[in-house]
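Novice: Quick one, fold the following:
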Amino acid sequence: YSGLSVAGGAVYTLFAQEGTEYVAGFDDRDGREIWRYKVGTTYDAEFTLGPRSTPTVDGDLVYVLGSFGRLAALDARTGTERWRVDLGERFAVPQPRFGYTASPLVAGDLLLVQVGGEGRRYLAAFDKRTGTAAWSVCADDAGYSSPIAMVLQGVPQFVFITLREILGVSPAGQVLWAYPWRGENNIAMAIPLPPNRLFAAHNEDDGAVLLELAGGAEGIAARDVWHSRFLKNHFSSSVLHDGYLYGFDNATLRCVDAATGESKWAYRGLGKGSLIAAGGRLIVLGDLGDLVLAEATPAHYQELARSQVLEGRSWTAPSLVGSRLYLRNQTEMVSLDLSTNGDGAAQARKETP
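Specialist: As a prediction, the model looks like this:
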């Protein structure tokens with residue numbers, strides 16, 4: 001379920017093969033494998049094998065986190081290991097139920113990950129060039145949601161979603177605020193709504209929440225503006241466009257007013273899919289490989305185009321670079337050219353490494 005990170009003429013992703021987890025770099029033009037690196041053994045859990053995290057590219061380095069907690073920095077051109085840390089050994093923490101799934105976050109000179117465990121060891125920041133631990137905070141089990149950097153209430157912070165909390169942490173490692181948030185499937189990422197709000201969701205009954213932060217340097221408190229059973233994100237994060245949230249409410253694609261939580265429209269037929277937004281459009285991948293282009297409008301569901309581009313379970317969000325769209329499922333990757341020719345028709349090219 002690893003996503004596709006595209007940078008510098010290459011596509012990076014993690015995958016499992018014959019009992020081993022790998023990360024590899026592929027040529028973004030033709031899908032040719034350039035290098036691969038062994039991350040660890042395959043994590044055999046519910047909903048098929050890992051890995052589930054996505055590589056993070058920063059300059060000449062690719063950061064990867066394997067299912068068993070190997071965090072490594074690799075040369076983006078060659079895959080040569082620069083440094084690595086085994087989180088389970090370094091922090092003496094138990095393995096998360098679905099393995100380590102959150103993608104590393106690069107922010108300035110820091111690399112941030114969820115670690116989990118007792119004591120002040122839950123969230124950790126490392127020097128991105130050396131792998132030296134900079135700080136660790138909080139006590140909780142590691143969640144599955146990737147951290148995100150944002151500015152809320154005028155304060156720069158990293159927002160994490162654990163198994164029990166949503167919380168903001170300063171670049172120096174100080175917990176700025178926390179909000180109780182229990183769910184077995186805290187997977188989707190938080191979405192900032194500047195200047196002082198953020199959206200979070202999981203796929204259980206209490207569904208989604210919009211939080212508002214108040215206060216400043218002397219202290220910040222989070223309160224809920226609305227709760228909703230609509231937009232219960234399972235593994236796929238929602239997107240925000242012009243004041244409206246678009247995402248999968250389990251197996252229903254839905255548009256919700258971000259200010260009020262009111263559902264504007266709902267569409268079924270794509271299963272538990274994933275989506276991104278670009279140019280006022282939604283690019284949606286259904287969970288069985290249907291690719292859909294739809295208008296990002298609260299008025300109604302307006303589908304513009306559809307094509308079956310993959311077969312079987314497709315639980316990985318699309319990646320878009322210019323007019324090139326990159327997709328994958330459990331067995332293959334494809335690249336599609338979404339540019340138009342003279343008569344306005346989109347040209348699609350499938351490349352399967």
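Novice: show me what contacts residue 215?
Specialist: Each residue near residue 215 by C-beta atoms under 8 Å, 6 or more residues apart in numbering is listed here: 153, 177, 221. Using the backbone N, CA and C atoms, a C-beta is placed for each residue, glycine as well.
Novice: List buried residues within these.
Specialist: Buried members of the contacts of residue 215, counted by 16 or more other C-beta atoms under 10 Å: 153, 177.
Novice: Out of the contacts of residue 215, flag the one nearest to residue 162.
Specialist: Comparing those against residue 162 with C-beta to C-beta places residue 177 closest, at 13.5 Å.
Novice: Beta-bridge partners for that closest one, please?
Specialist: residue 168 (DSSP bridges).
Novice: Would you agree it is in contact with residue 222?
Specialist: Yes: assessed by C-beta atoms under 8 Å, residue 177 is found in contact with residue 222 at 4.9 Å.
Novice: Quick check: neighbours shared by these two?
Specialist: With C-beta under 8 Å, 6+ apart as the test, residue 177 and residue 222 both reach 168, 213.
Novice: so where's this protein shaky on pLDDT?
Specialist: 45-48, 117-121, 139, 216-217, 341-353 (pLDDT under 70).
Novice: mind listing the helices in it by residue range?
Specialist: Ranges of helices in the chain, per DSSP state H, are 87-91.
Novice: Give me the neighbour count for the nearest residue to residue 291 once chain neighbours are set aside.
Specialist: Leaving aside its chain neighbours, residue 291 sits nearest to residue 309 (4.6 Å; criterion: C-beta to C-beta, 6 or more residues apart in numbering). Counted with other C-beta atoms under 10 Å, the neighbours of residue 309 add up to 19.
Novice: give the contact list for residue 250.
Specialist: Residue 250 sits next to 203, 232, 234, 272 when contact means C-beta under 8 Å, 6+ apart.
Novice: Run a quick check on the second one versus residue 249, I expect a contact.
Specialist: The one in question is residue 232. Yes: contact criterion C-beta under 8 Å: residue 232 and residue 249 qualify, at 5.2 Å.
Novice: so what sits against both of those two?
Specialist: Joint contacts of residue 232 and residue 249 (C-beta under 8 Å, 6+ apart) are residue 207.
Novice: if you skip the residues just before and after it, what's nearest to residue 112?
Specialist: Nearest residue to residue 112 in three dimensions, chain neighbours excluded: residue 105, at 4.4 Å (C-beta to C-beta, 6+ apart).
Novice: ok, that neighbour to residue 205 distance?
Specialist: Taking C-beta to C-beta, to the nearest Å as the measure, residue 105 falls 29 Å from residue 205.
Novice: Just want to know which of these two has more residues nearby.
Specialist: Just comparing residue 105 and residue 205: by other C-beta under 10 Å the higher neighbour count belongs to residue 105, 20 against 8.
Novice: So for stretch 66-78, what gets flagged as buried?
Specialist: Applying a neighbour-count criterion of 16+ other C-beta under 10 Å, one finds 66-74, 76 buried in stretch 66-78.
Novice: Report the contact partners of the residue lying closest to residue 255 once chain neighbours are set aside.
Specialist: Distances taken as C-beta to C-beta, 6+ apart put residue 264 closest to residue 255, at 4.4 Å, once the chain neighbours are dropped. By C-beta under 8 Å, 6+ apart, the contact list for residue 264 reads 244, 255-257, 298-299.
Novice: can you rerun that using 10 Å?
Specialist: Contact analysis of residue 264 by C-beta atoms under 10 Å, 6 or more residues apart in numbering lists 230, 244-246, 254-257, 297-301.
Novice: And those residues, which of them are buried?
Specialist: Buried among these by 16+ other C-beta under 10 Å: 230, 244-246, 254-256, 297-298, 301.
Novice: Now residue 9: closest residue in space, sequence neighbours ignored.
Specialist: Using C-beta to C-beta, 6+ apart, the closest residue to residue 9 is residue 28 (5.5 Å).
Novice: Please disregard the earlier target; I meant residue 275.
Specialist: Using C-beta to C-beta, 6+ apart, the nearest residue to residue 275 is residue 284, at 4.3 Å.
Novice: and if you look at residue 188?
Specialist: Residue nearest to residue 188 in three dimensions, not counting chain neighbours: residue 233, with 3.7 Å by C-beta to C-beta, 6+ apart.
Novice: ditto for residue 235
Specialist: residue 187 (4.8 Å).
Novice: so the one you found makes contact with residue 238?
Specialist: No: taking contacts as C-beta atoms under 10 Å, residue 187 lies outside contact range of residue 238: 11.9 Å.
Novice: Next, show the common contact partners of these two.
Specialist: With C-beta under 10 Å, 6+ apart, residue 187 and residue 238 have common neighbours residue 201.
Novice: Which residue of these two possesses the greater neighbour count?
Specialist: Using other C-beta under 10 Å as the criterion, residue 187 and residue 238 rank with residue 238 on top: 27 against 23.
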